[in-house]
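In: A predicted structure for the sequence below; I have some questions about it.
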Number of protein chains: 2
Amino acid sequence: MTTRNMEDYLEAIWNLQDKKGYVKAKDIAERLGVSRPSVSGMIRKLSENSYILYEKYGGIVFTAKGKKLAREIKKRHTLLVEFLKIVGVDEQNAQQDACKLEHDVSPETITCLLEFVEFISLLPESSRWKENFQEYLKKRGLLGRSSNKNKKL
Amino acid sequence: MTTRNMEDYLEAIWNLQDKKGYVKAKDIAERLGVSRPSVSGMIRKLSENSYILYEKYGGIVFTAKGKKLAREIKKRHTLLVEFLKIVGVDEQNAQQDACKLEHDVSPETITCLLEFVEFISLLPESSRWKENFQEYLKKRGLLGRSSNKNKKL
DNA sequence: TAATAAAGTTAGGTATGCCTAATAATATTA
DNA sequence: TAATATTATTAGGCATACCTAACTTTATTA
């Protein structure tokens, strides 16, 4: 099994690979806000569990297993962000929350959220669902804020 | 600050208090699927942090601070369950997922979900939003299953 | 009330994951 | 190429949270 932390590292590695074409321990550390020794430790662990290939002082490459998992995590993340935006969470918060939530959503819930997002996107223009919801949020003064921290729970 | 674990224990205590009128370490252990020594440790911690009042071999009582937090956690949980059910997650999965998700949702997202749930419940009968969504799910064969584990991510 | 059972605590150990300080390897550049 | 700077690793420790085994306290009941 993978821990939430292993998933975070895998996702970070995936994103770095995507963005820079290669992955350095130092960059992982920066991205996750963690010390380099922590990264070293996790790299060993991910390597021992065959999610990545690694040799000391060498480069990091996904195994098939690791790639598959990283891709799933990434998809989960993207889906969550999409969903959160639909219900009115702003981009930045959506990104942050997705990172935290993505470890805990069950496959059943993932499926439901996926269906929900699709359903909304497939609604005919005439339904104006999104517009109505946005209207509703606006009326309640909840749109276009960067934070609602002080709102009632 | 509270850890995710402290929150879980506080919620368990809240629920037991609610259901039985009193709280025994043994019941907490059972509810959380954890050993009695683990409960002892956490009780000490919660007590040291003034969430509960406790004396060795005695009863457990919330402080004002603890009660406030426990109530918030509980509300968060209820909201998440409500929301998950709206998007088609079955009761049991909704309960389980809510337990895991409730620690990570930001206040802003909580607010949005709350608005969403309210918005849906306030829709006029004529909109038949829920029915349409259920219809959609049914067509895709996703309703009334106990699990969708094998569905695509 | 004395023996037994149930509940709670302490002691000691495991695993994850983080940190700083010190060391080793690789890269850079003088 | 030799000195320096960068990057990565190991060593040693801290905090959380869990466990089992042994012990203590409280409750039950014979």
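Out: Right, received. Where do you want to start? Numbering: from 1, shown residues only, chains lettered A, B, ... in the order given.

In: ranking helices and strands of chain A by mean pLDDT, which lands last?
Out: When each helix and strand of chain A is scored by mean pLDDT, DSSP states H and E, helix A:129-139 comes last, with a mean of 78.

In: A helix includes residue A:53, no?
Out: No - assigned with DSSP: H, G, I helix; E, B strand; the rest coil, residue A:53 falls outside any helix and is strand.

In: show me what it is bridged to.
Out: Using DSSP bridges, the bridge partners assigned to residue A:53 are residue A:61.

In: outline the domain layout of chain A.
Out: A:4-62, A:74-139 (automatic domain parsing).

In: comparing those by mean pLDDT, which bottoms out?
Out: If these are sorted by mean pLDDT, domain A:74-139 sits at the bottom with a mean of 89.

In: distance from that one to the middle of the chain?
Out: Put simply, domain A:74-139 sits 13 Å off its chain's centre (C-alpha atoms, centre = their mean, to the nearest Å).

In: anything in it near DNA strand C?
Out: No - with C-beta under 7 Å from any atom of the strand as the criterion, DNA strand C is not reached by domain A:74-139; the gap is at least 10.0 Å. Using the backbone N, CA and C atoms, a C-beta is placed for each residue, glycine as well.

In: and the end-to-end length of that domain?
Out: With C-alpha to C-alpha, to the nearest Å as the measure, domain A:74-139 spans 34 Å from end to end.

In: hmm, it in reach of chain B?
Out: Yes - applying C-beta under 8 Å from any C-beta of the partner chain, one finds domain A:74-139 touching chain B at A:75-76, A:84, A:87-90, A:93-94, A:96-97, A:100-101, A:104-113, A:115-116, A:119, A:129, A:133, A:136-137.

In: which one of the domains of chain A is the most hemmed in?
Out: domain A:74-139 (a mean of 18; mean count of other C-beta atoms under 10 Å in any protein chain shown).

In: against which helices or strands is the helix or strand encompassing residue A:67 packed?
Out: Element membership for residue A:67 (DSSP states H and E) is helix A:64-86. Where contact means 3 or more C-beta pairs under 8 Å, 6 or more residues apart in numbering or on different chains; DSSP states H and E, helix A:64-86 is packed against helix A:4-20, helix A:91-101, helix A:107-122.

In: against which helices or strands is the last one packed?
Out: Using 3+ C-beta pairs under 8 Å, 6+ apart as the contact test, the elements touching helix A:107-122 are helix A:64-86, helix B:91-101, helix B:129-139.

In: using TSV, lay out the ones you listed together with distance to DNA strand D.
Out: Formatted as TSV, the helices and strands packed on helix A:107-122 follow (distance: least, C-beta to the nearest atom of the strand, whole Å):
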stretch	distance to DNA strand D
helix A:64-86	17
helix B:91-101	13
helix B:129-139	36
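
In: so who does the residue positioned nearest the centre of chain A touch?
Out: When C-alpha atoms, centre = their mean is applied to chain A, the residue found nearest the centroid is residue A:77 (3.0 Å). When contacts are counted by C-beta atoms under 8 Å, 6 or more residues apart in numbering or on different chains, residue A:77 touches A:11, A:98-99, A:102.

In: now do residue A:60
Out: By C-beta under 8 Å, 6+ apart, the contact set of residue A:60 is A:13, A:23, A:25, A:43, A:52-54.

In: and what about the closest residue to it other than its chain neighbours, helix, strand or coil?
Out: Distance criterion C-beta to C-beta, 6 or more residues apart in numbering or on different chains; nearest residue to residue A:60, sequence neighbours excluded, is residue A:23 at 4.4 Å. Following three-state DSSP, residue A:23 is assigned to coil.
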